[in-house]
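Novice: Have a look at this fold, sequence not included:
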């Protein structure tokens, strides 16, 4: 019986040694798995941080582009207003000049009518004077 107890005892010790070795190997494998997961997590974290940085850069670039476009739009709006004001001023000037031209044409027409009447009167007067002179000369000659 002592041999069987010793064999049983050796078997128990071997079992305990096997369990300890198994746990150590499992622990090493678990540690290796844990280290691999930590490396993966570190890689993913690095990628995340890198992508976040790129996103910030793109957001800044787009923000700058938006600001530049807004400034350009403001410049175009100011130029448009300036041109609109100039157009309004030119249209007003044109309307005034058109009215002035119309008034001047009317005045020229009135002057032409006046000169026509005066010319007719003068021509009539000259004709009357010449007719009187001719009549007088004819009387004298007769």
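Specialist: Arrived safely. All figures in this text were calculated on a predicted structure; none of them were measured in a lab. Numbers count the residues shown, from 1 in each chain.
Novice: quick one: low-confidence ranges for this protein?
Specialist: 1, 25-32, 142 (pLDDT under 70).
Novice: Recalculate using a threshold of 80.
Specialist: The chain contains residues with pLDDT under 80 at 1-11, 15, 18-35, 37, 41, 137-142.
Novice: In which helix or strand does the residue nearest in space to the middle of the chain reside?
Specialist: By C-alpha atoms, centre = their mean, the mean C-alpha position of the chain lies nearest to residue 73, the distance being 3.9 Å. Per DSSP states H and E, residue 73 falls inside helix 2-141.
Novice: Tell me how far that helix lies from the chain's centre.
Specialist: 0 Å (C-alpha atoms, centre = their mean, to the nearest Å).
Novice: Count the residues that sit near residue 93.
Specialist: Using other C-beta atoms under 10 Å, residue 93 has 10 other residues around it. Glycine gets a C-beta too; all of them are placed from N, C-alpha and C.
Novice: ok, it to residue 106 distance?
Specialist: Distance of residue 93 to residue 106, computed by C-beta to C-beta, to the nearest Å: 20 Å.
Novice: go on, residue 78?
Specialist: From residue 78 to residue 106 the distance is 42 Å (C-beta to C-beta).
Novice: now do residue 95
Specialist: In terms of C-beta to C-beta, residue 95 sits 17 Å off from residue 106.
Novice: do residue 99 as well
Specialist: 11 Å.
Novice: Same check on residue 97?
Specialist: Relative to residue 106, residue 97 is positioned 15 Å away (C-beta to C-beta).
Novice: now swap in residue 60 and tell me
Specialist: Residue 60 is 69 Å from residue 106, by C-beta to C-beta.
Novice: Please apply the same query to residue 55.
Specialist: 75 Å.
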